[in-house]
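> sequence unknown, structure follows:
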Ligand code: AMP
Ligand code: ZN
């Protein structure tokens, strides 16, 4: 396997040099954090009044966690650590509660962030020769502009098309001979379903790779999309609070994501007790941003669930890998008392070859009990066969789901195009249960 580096020295640095760099950068971040009254209060409580009070990475563990609500309560500028004059970029994530979280960047912050994105791109084997179609939305969302800068710095030809307008996307892919896509898994699934309508087949295109992120997806989904399009798919993870995409990226081995540890300190904690878990154990990802000064964020609880791999990666990078995101602490469903993550349902569905590219999870209350309905689109060709075939498929989906989540789901089979389509992050769970 061909392995290329963006910055070989840092990407293959030994643990002690990596940690030395982390400490140096953490001190810088703490010095900025201390300029905000939010962190002054928080850090003084644990005896940190100056960056020199950080002597080792162990000192980080004294600092309490930050959460999304801290950002909301300090909206819009309470956590800003530099003069507005120094800020060159603002991003924001809207969330569901109304008050947005706002992230600020200095020119240097954008530069350091961009560098990590270029690193991820090169790690997948892409080069300056590639034609990069950026299908994540531009604007306040970090996915579009963030990756745009990284790809441009690599020297790729960047097509900043943003999300939506499938016909135009396909036309651009064909006419500009796009080789690399940046897109959500939901939208890539949807596009495949639209291709017949525009009379385009994957083999009419020149695609080689796609970077998929912004929402969870399972390995069966990756495999399915790789097969449908005949491309390599790489997982890309990030969140606006940690700058945006580029926190962790898969390398050519596609064996989960290297966290760029000179940019972020990663910890995995027990989401209930806050206890730090050893490598290999699944828990909530906590990240410290080491490269942003305009808005420091230390030990941020992402609510994303993952584990750290213990084996080294054959690519030679020393930055530890996290698993794909296995769910979120806040997306767990409790169905008649059983804990279920939507990702478990997705994994089952996408491992069944007849299941198409779209599904929805619906919850309702019937006679006092929760009722789970899984609505699945099938490939068109299956609707030309006889009904008994569809009935047996329904039974197979039901059985596989029961084996995985121990729940008897009601299964609905639909023709392609029946369910709502997603051109960005998907919203696949509709919970209409009566609240007690
Ligand atoms: P935002 O701040 O709007 O960019 O959303 C960030 C969130 O999107 C993360 O906290 C994750 O829950 C999710 N996310 C981003 N990238 C991935 C990925 N590769 N796999 C799973 N979830 C992801
Ligand atoms: Zn690797």
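On my side now, so go ahead. Values in this document were obtained by computation on a predicted structure and should not be read as measured data. Ligands and ions are numbered 1, 2, ... in the order given.
> what's the closest non-adjacent residue to whichever residue of the stretch 51-200 of the chain sits closest to ligand 2?
Across the stretch 51-200 of the chain, the shortest distance to ligand 2 (CB to the ion) belongs to residue 123, at 6.9 Å. C-beta coordinates here come from the backbone N, C-alpha and C atoms, glycine included. Spatial nearest neighbour of residue 123, chain neighbours left out: residue 251 (4.3 Å); criterion: CB to CB, 6 or more residues apart in numbering.
> Is it correct that that neighbour is in contact with residue 124?
Yes: at 6.8 Å, residue 251 and residue 124 qualify as touching, with contact defined as CB atoms under 8 Å.
> For the residue of the stretch 51-200 of the chain closest to ligand 2, which residues are in contact?
The contact partners of residue 123, by CB atoms under 8 Å, 6 or more residues apart in numbering, come to 4-6, 11, 249-252, 258, 315, 317.
> re the thing from before, could you pull up the contacting residues of the residue nearest to residue 123?
Residue 251 touches 3, 123-124, 258, 313, 315, 317, counting by CB under 8 Å, 6+ apart.
> Which pLDDT value goes with it?
Per-residue confidence (pLDDT) for residue 251: 98.
> now it: how far from ligand 2?
To ligand 2, residue 251 is 3 Å away according to CB to the ion, to the nearest Å.
> Against residue 180, how distant is that residue?
15 Å (CB to CB, to the nearest Å).
> Residues of the stretch 51-200 of the chain that sit close to ligand 1?
93, 142 (CB under 6 Å from any ligand atom).
> switch the cut-off to 5 Å
residue 93 (CB under 5 Å from any ligand atom).
> now the stretch 51-200 of the chain, which segments are flagged as low pLDDT?
94-97 (pLDDT under 70).
> which residues in it form helices?
Using DSSP state H, counting those that start in this stretch, the helices of the stretch 51-200 of the chain run over 68-73, 107-123, 142-154, 166-175, 185-194.
> Of all those helices, which one comes closest to residue 236?
helix 107-123 (6.4 Å; CB to CB).
> orientation of the closest one relative to helix 142-154 in degrees?
Orientation check (axes from the mean of the first three to the mean of the last three CA atoms, to 10 degrees): helix 107-123 against helix 142-154 gives 70 degrees.
> Flag every buried residue along helix 107-123.
For helix 107-123, a neighbour-count test (16 or more other CB atoms under 10 Å) marks 109-110, 112-123 as buried.
> In terms of residue numbering, what are the domains of this protein?
1-330, 333-435 (automatic domain parsing).
> Compute the first-to-last residue distance for the longest one.
Pointing back at domain 1-330 there. End-to-end distance of domain 1-330 (CA to CA, to the nearest Å): 38 Å.
> And for stretch 406-420?
27 Å.
> what about the longest strand in the protein?
strand 355-366 (DSSP state E).
> Can you work out which other helices and strands pack against it?
Judged by 3 or more CB pairs under 8 Å, 6 or more residues apart in numbering; DSSP states H and E, strand 355-366 is in contact with helix 185-194, strand 333-335, helix 342-350, strand 369-378, strand 429-431.
> follow-up on the earlier one: need the helices of the stretch 51-200 of the chain in CSV (columns: distance to residue 376).
What follows is these, written out as CSV (distance: least, CB to CB, whole Å):
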stretch, distance to residue 376
helix 68-73, 33
helix 107-123, 33
helix 142-154, 27
helix 166-175, 21
helix 185-194, 12
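> thinking again about what came up before, phi, psi for the residue nearest to residue 123 please.
Backbone torsions of residue 251, given as degrees, to the nearest 10, read phi -100, psi -170.
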